[in-house]
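Trainee: Here's a sequence, model it:
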Amino acid sequence: MGGGPWEAAATGVTDRQVLVRAAQSRDLDTVVGIERASFADPWSRESFESCMEPQRMRFLVAVEVDASVSAADTPSGEPRILGYVVALLLFDEAEIANLAVAPSAQRRGIGCLLLDRMSADLAGDGVQSLYLDVRESNAGARALYASRSFEEVGRRRRYYRHPTEDALLLKRNLQPT
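Mentor: Residues are numbered from 1 along each chain as shown. This next block holds a predicted model:
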């Protein structure tokens with residue numbers, strides 16, 4: 001399951017750096033807060049707790065820390081969680097089940113960092129295809145996914161609630177063909 005913390009530069013981050021690492025129990029309060037700020041039909045804390053099981057799930061967070069903290073160190077005190085991504089694995093396929101970036105951290109490349117790290121980890125685990133659902137009206141998310149080579153392969157009618165809306169099913173091949 002993926003390597004250790006992954007340092008990455010994100011747009012708009014100057015004296016801070018962003019680490020992408022496996023989620024920890026202490027991250028859950030912040031993750032749930034981001035979830036509630038991001039979605040009309042948010043996951044519960046219990047849903048996120050169940051994602052901590054690494055057998056079939058991957059749960060990563062993007063953490064902003066002082067530039068003086070190395071990737072090998074865990075930030076002291078409460079880390080500033082900028083976003084998270086959860087993937088469900090099933091043999092050689094995986095699905096991004098949830099991805100969100102804190103409203104205050106949007107448009108800084110955090111979603112790209114999370115997708116890139118998750119994709120790299122999954123590809124390293126032998127996953128061939130990565131899927132996800134996105135609201136048809138979510139132009140920002142659709143642009144992000146297109147920039148990461150996701151292509152539309154289907155539609156799920158009336159998939160989302162609050163408001164009711166179709167989901168577009170997107171796919172990305174992780175292994176060279």
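Trainee: what about the helices in this protein?
Mentor: 28-38, 45-50, 110-124, 139-147 (DSSP state H).
Trainee: And the second one, how far out from the chain middle?
Mentor: From the chain centre to the centre of helix 45-50 is a distance of 15 Å (Cα atoms, centre = their mean, to the nearest Å).
Trainee: Tell me the buried residues in it?
Mentor: By neighbour count on 16 or more other Cβ atoms under 10 Å, the buried set for helix 45-50 is residue 48. In short, each C-beta sits where N, CA and C put it, glycine included.
Trainee: what's the burial count for residue 30?
Mentor: 18 (other Cβ atoms under 10 Å).
Trainee: per-residue pLDDT, the nearest residue to it once chain neighbours are set aside?
Mentor: Leaving aside its chain neighbours, residue 30 sits nearest to residue 81 (4.2 Å; criterion: Cβ to Cβ, 6 or more residues apart in numbering). Listed pLDDT for residue 81 reads 95.
Trainee: who does residue 81 bridge with?
Mentor: Assessed by DSSP bridges, residue 81 has beta-bridge partners residue 63.
Trainee: In contact with it, which residues?
Mentor: Going by Cβ atoms under 8 Å, 6 or more residues apart in numbering, residue 81 touches 27, 30, 31, 34, 61, 62, 63, 102.
Trainee: thought the third one was touching residue 61?
Mentor: Yes. Residue 31 sits in contact with residue 61 when judged by Cβ atoms under 8 Å, with a separation of 6.9 Å.
Trainee: Return every residue with contacts to both of those two.
Mentor: 23, 81, 84.
Trainee: I'd like those residues laid out as JSON lines, including distance to residue 50.
Mentor: Output for these, formatted as JSON lines (distance: Cβ to Cβ, whole Å):
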{"residue": "23", "distance to residue 50": "12"}
{"residue": "81", "distance to residue 50": "18"}
{"residue": "84", "distance to residue 50": "14"}
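Trainee: Closest one of those to residue 55?
Mentor: Proximity of the shared contacts of residue 31 and residue 61 to residue 55 (Cβ to Cβ) peaks at residue 23, which lies at 14.9 Å.
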